[in-house]
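> Provide a 3D model corresponding to the input given below.
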Amino acid sequence: MDLAQFFSENFQQFWEFTGFYNVTIPHLIMLCVGLFFIYLAIKHEFEPMLLVPIGFGILIGNIPFQLGNEIGIYEEGSVLNILYNGVSAGWYPPLIFLGIGAMTDFSALLANPKLMLVGASAQFGIFGAYMVALLLGFAPDQAGAIAIIGGADGPTAIFLSSKLAPNLMGAIAVSAYSYMALVPVIQPPIMRLLTTKKERLIRMKPARAVSQNEKILFPIFGLILTCFFVPSGLPLLGMLFFGNLLRESGVTTRLAKTASNALTDIVTILLGMTVGASTQASEFLTKETIFIFALGFMAFCIASASGVCFVKFFNLFLGKDKKINPLIGNAGVSAVPMSARISNNMGQKYDPSNYLLMHAMGPNVAGVIGSAVAAGVLLGFLG
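Numbers count the residues shown, from 1 in each chain. Have a look, this model is predicted:
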């Protein structure tokens, strides 16, 4: 073999190894999706803490390569596959819930416990989407995993889909996080459509002060009450209430800060990147993905509308000075604190002196608990 032939064969081998040689149209489509996510995060600040890792993960997962080199996220033994175990085995989401519990103040809910009903009503979106998914031909376990998107809780969606429908987890996770990021776009039109100007101007009484003892007892009794009903929700609810006890006990400040800051940031980076990388074109661009995004959007809209409509119905039984502003009904989904901010912004648009944020945080944090309970219910009878 002469030198020219040697270099020619080596160059040909190298060329066949490159992404330029292996690229396909689906790869290019997914690369554009990843760039779009990054654009939304940076240019419009749509949940950048989520969309930047997910968007860049989509780029990582869709760089074309030859199989067999232990590069891809689905190749056993690759670094990405090892990191992805935290998603597929379902142990990233409980760690996220630990951080959520450590950074969440449940005072707004404790001051007005009836707001728990608003958070519960928003979970109708989950069960409505479940029925539609069954009608579209999805298996019961797949329908349950898809329906949880209506809770607008990415970690819960990942946890449940890892147990019920691992093959759909990438599409479900990206769908859930996408709709969480698009809360400022999706919810306001629904809120305007379902409320009157008079309802938007309702002023709510200032919430009562909540004692430290109440804050300490809440995660303890919250854990016992919820998990006795749905033991299958223990991984999420247990970590949520544990994190909250670290926050409220007053003697574990360092642990609470670690859980709510460093630990949550690290897990969010790994979770977002690996979820994004799991959207390899061959696994992601399917007919089922289109249905999942459509069902997820429907579930999220139903959840938002259910919360608003429930408040309107509930107001029929409340005295004039105890009525609830329906604009906080949208906050029943567990997109914390985005949905609560939307409630407040909408309220101030019609009355600049009407501050609804603290009131909206009640159903918002109730939605976190509600989505985890709903996931436990679905896991209990489908798992």
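> distance check, Leu59 against Asp105.
In this view, Leu59 and Asp105 are 36 Å apart by C-beta to C-beta, to the nearest Å. C-beta: built from backbone N, CA, C; applies to glycine.
> so for the helix ranked longest in the chain, mean pLDDT?
Ranked by residue count and defined by DSSP state H, the top helix of the chain is helix 287-315. Helix 287-315 carries an average pLDDT of 89.
> if you count neighbours, what's buried in that helix?
Residues 288-289, 291-293, 295-312, 314-315 are the ones in helix 287-315 that count as buried (16 or more other C-beta atoms under 10 Å).
> just for this structure, where's the confidence low?
Confidence mapping of the chain against pLDDT under 70 gives the ranges 1-2, 6, 383.
> that one: strands as residue ranges?
For the chain, applying DSSP state E gives no strands.
> now Phe16: closest residue in space, sequence neighbours ignored.
Just so we're on the same page, residue 16 is Glu rather than Phe. Nearest residue to Glu16, sequence neighbours excluded (C-beta to C-beta, 6 or more residues apart in numbering): Gln66, at 7.2 Å.
> pull up the gap between the one you found and Tyr21, please.
9 Å.
> for the residue lying closest to Gly99 once chain neighbours are set aside, give its distance to Ala340.
Using C-beta to C-beta, 6+ apart and skipping the chain neighbours, the partner closest in space to Gly99 is Thr264 (3.1 Å). Per C-beta to C-beta, Thr264 is found 19 Å from Ala340.
> of those two, who's got more company?
Ala340 (25 against 22; other C-beta atoms under 10 Å).
> so what's the residue count around the nearest residue to the more buried one once chain neighbours are set aside?
Leaving out its chain neighbours, the residue that sits closest to Ala340 by C-beta to C-beta, 6+ apart is Ala360, at 3.8 Å. By other C-beta under 10 Å, the residues close to Ala360 number 30.
> what residues are up against Ala360?
Ala108, Leu327, Ile328, Ala331, Ser339, Ala340, Arg341, Ser343, Asn344 (C-beta atoms under 8 Å, 6 or more residues apart in numbering).
> any chance of a markdown table for those residues, columns distance to Phe218?
Output for those, formatted as a markdown table (distance: C-beta to C-beta, whole Å):
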| residue | distance to Phe218 |
| --- | --- |
| Ala108 | 12 |
| Leu327 | 26 |
| Ile328 | 20 |
| Ala331 | 19 |
| Ser339 | 21 |
| Ala340 | 19 |
| Arg341 | 23 |
| Ser343 | 22 |
| Asn344 | 24 |
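> quick one: the residue nearest to Thr104 when sequence neighbours are not counted from Thr289, how far?
In this structure, Thr104 finds its nearest non-sequential neighbour in Val365, 5.6 Å apart by C-beta to C-beta, 6+ apart. Here Val365 is placed at a distance of 31 Å from Thr289 (C-beta to C-beta).
> now do Gly72
18 Å.
> Ile96 touches Val267, doesn't it?
Yes - here Ile96 reaches Val267: they are 5.7 Å apart, a contact under C-beta atoms under 8 Å.
> who has more neighbours, those two?
Ile96 (24 against 20).
> how many neighbours does the closest residue to that one other than its chain neighbours have?
Spatially, and ignoring its direct neighbours in sequence, Ile96 is nearest to Pro155 (4.2 Å; C-beta to C-beta, 6+ apart). Applying other C-beta under 10 Å, we find 29 residues neighbouring Pro155.
> now Pro64
Neighbour number of Pro64 under other C-beta under 10 Å is 17.
> wait, what's in contact with it?
Gly19, Phe20, Tyr21, Asn22, Val23, Thr24, His27.
> my guess is the first one meets Ile63, correct?
It stands for Gly19. Yes - if you go by C-beta under 8 Å, Gly19 and Ile63 touch, sitting 5.4 Å apart.
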